[in-house]
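*Asks:* coords please:
(2 chains)
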Amino acid sequence: DGGITQSPKYLFRKEGQNVTLSCEQNLNHDAMYWYRQDPGQGLRLIYYSQIVNDFQKGDIAEGYSVSREKKESFPLTVTSAQKNPTAFYLCASDAGQGYNEQFFGPGTRLTVL
Amino acid sequence: RKEVEQDPGPFNVPEGATVAFNCTYSNSASQSFFWYRQDCRKEPKLLMSVYSSGNEDGRFTAQLNRASQYISLLIRDSKLSDSATYLCVVNYEGYQKVTFGTGTKLQVIP
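*Replies:* Next up, the predicted model:
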């Protein structure tokens, strides 16, 4: 089955700790995205990558970092610099070229204690 | 003005009713449009793409009005299972990221 996987589903961390969220896809998609969703709000773009070894900041990149060393993988690190990290994090991918629908992973719900 | 705007609702409708949502977008260069459905605490899933000529999928009809810069979603014969948040999505040519609306919440009541 082709799809996007994210792990873990739930994550708890203490303030001041960095944490990395995993995102893997086997759809052979070129583009991958990270979004953040807060209760009752829409999706906000954190980072996106159109090709391996390249990525761009989205609207709310501060306090986050990413890498794209492999086409299949796009991990997101939430650093201690992110002031309000508790949220639902969604990874998505699409075939690129600007016209295609995005497919989402099941999300990771991060809670900072 | 937001790039993509939706009425947040909630829209509370009885089973069997017809309901319509609109979504306006600000960039006239927008090229592709989608409706996604998001259930509570789940990821968004593609409901349907929106084509210039309009398109229908069972009880769902999507339309695009480029002159007025909005897209619409019509749901006929609403089912309890249609209860969800519906996200409007707009994509800009040559700018490979999408913009999501904040969603319209639909609650179908027995």
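*Asks:* distance of the nearest residue to residue A:80 once chain neighbours are set aside relative to chain B?
*Replies:* Leaving aside its chain neighbours, residue A:80 sits nearest to residue A:16 (4.9 Å; criterion: Cβ to Cβ, 6 or more residues apart in numbering or on different chains). C-beta: built from backbone N, CA, C; applies to glycine. To chain B, residue A:16 is 27 Å away according to Cβ to the nearest Cβ, to the nearest Å.
*Asks:* and stretch A:32-43, does that touch chain B?
*Replies:* Yes: judged by Cβ under 8 Å from any Cβ of the partner chain, stretch A:32-43 comes into contact with chain B at A:33, A:35, A:41-43.
*Asks:* alpha carbons of that stretch, as PDB, please.
*Replies:* Taking Å, rounded to 0.1, in the frame of the first residue of the first chain, the C-alpha atoms of stretch A:32-43 are listed here in PDB:
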ATOM      1  CA  MET A  32       6.900  17.100   0.800                       C
ATOM      2  CA  TYR A  33       5.400  19.500   3.400                       C
ATOM      3  CA  TRP A  34       5.000  20.100   7.100                       C
ATOM      4  CA  TYR A  35       2.000  21.800   8.600                       C
ATOM      5  CA  ARG A  36       0.900  22.800  12.000                       C
ATOM      6  CA  GLN A  37      -2.700  22.800  13.100                       C
ATOM      7  CA  ASP A  38      -3.900  24.400  16.300                       C
ATOM      8  CA  PRO A  39      -7.400  23.700  17.800                       C
ATOM      9  CA  GLY A  40     -10.100  25.300  15.700                       C
ATOM     10  CA  GLN A  41      -7.600  26.700  13.200                       C
ATOM     11  CA  GLY A  42      -6.500  26.000   9.700                       C
ATOM     12  CA  LEU A  43      -3.200  24.500   8.500                       C
END
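*Asks:* what sits up against it?
*Replies:* Residues from elsewhere that reach stretch A:32-43 (Cβ atoms under 8 Å, 6 or more residues apart in numbering or on different chains): A:23, A:25, A:44-49, A:58, A:60, A:64, A:66, A:68, A:74, A:76, A:87-94, A:102, A:107, B:44, B:87, B:97, B:100-103.
*Asks:* what mean pLDDT does that stretch get?
*Replies:* Stretch A:32-43 shows a mean pLDDT of 90.
*Asks:* pLDDT below threshold where in the chain?
*Replies:* No chain in the question, so chain A it is. The model of chain A has pLDDT under 70 over residues A:1, A:97-99.
*Asks:* chain B, not that one
*Replies:* In chain B, residues with pLDDT under 70: B:1, B:93-97.
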